[in-house]
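Enquirer: Provide a 3D model corresponding to the input given below.
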Amino acid sequence: MKRVPVTLDVNGESHALSLEPRRLLSDALREECGLTGVHVGCENGVCGACTVLIDGAPARACLIFAVQMQGHAIATIESVARGGALSPLQQALHEEHGLQCGFCTPGLVMTMEAWLKDNPDPDETAIRAALSGHLCRCTGYQSIVAAVKRAARIARERA
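Expert: Okay, here's the model as predicted:
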C-alpha cells in the first residue's frame with residue numbers, strides 16, 4: 001500500500017513519518033515513535049489501555065488512523081511525569097496501591113489527568129463514572145478511586 005507523509009506532534013515533539021493510510025495511531029506511536037507506554041489491549045476501543053490525549057481530550061488511539069492526526073497535539077503517558085517527578089495522580093496511584101499489573105494504568109492516567117482539570121472536587125460516584133471506560137482486571141477499582149480522590153485533594157491544596 002502506498003505510504004503518505006504525516007507529521008505527528010507528540011508530547012511537544014514533531015515526528016515526520018511515512019505511513020500507510022490504514023496505520024493506527026496506537027501502532028504508529030509504539031512502533032514509529034517508540035512510545036511504548038501506549039498499550040494495546042482489545043483493539044476495539046473498549047478497554048481504554050491505548051487512551052491518549054488529542055488536543056487535550058482523551059481518545060482511543062486504537063480507533064484512529066495516524067494520518068488523521070496531522071495538525072493535532074497528541075499527549076501520551078510519557079508526557080505526564082516532568083523532570084522525573086510523578087504527577088499528583090501518578091504519585092497517588094502509587095501511595096494508594098492503585099497499581100498492580102499496570103497494563104491499564106497509562107490509559108487510565110491520561111483520562112483522569114484530563115478529567116480532573118474539569119472536576120477538581122469529585123465524589124466517588126463521579127470518579128467511578130469517569131473510570132467506566134477503563135477495564136482493570138487486577139485492582140477492583142477501590143484503590144484507583146481513592147487515588148483519584150487524593151490527587152484531586154493535592155491539586156486543590158496546590159491551587
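
Enquirer: what are the boundaries of the helices in this protein?
Expert: Counting by DSSP state H, the chain has helices at residues 25-27, 88-95, 105-118, 124-131, 142-158.

Enquirer: isn't residue 90 right up against residue 82?
Expert: No. Contact criterion Cβ atoms under 8 Å: residue 90 and residue 82 do not qualify, at 10.5 Å. Backbone N, C-alpha and C define where each C-beta goes, glycine included.

Enquirer: out of the two, which sits in the busier spot?
Expert: Under the neighbour definition other Cβ atoms under 10 Å, residue 90 and residue 82 were set side by side, and residue 90 has more, 20 against 8.

Enquirer: can you pull the pLDDT of the residue positioned nearest the centre of the chain?
Expert: The residue lying closest to the centre of the chain (Cα atoms, centre = their mean) is residue 110, at 2.9 Å. Looking at residue 110, its pLDDT is 98.

Enquirer: could you count how many residues lie near the closest residue to it other than its chain neighbours?
Expert: Nearest residue to residue 110, sequence neighbours excluded (Cβ to Cβ, 6 or more residues apart in numbering): residue 51, at 4.7 Å. If you count neighbours by other Cβ under 10 Å, residue 51 ends up with 29.
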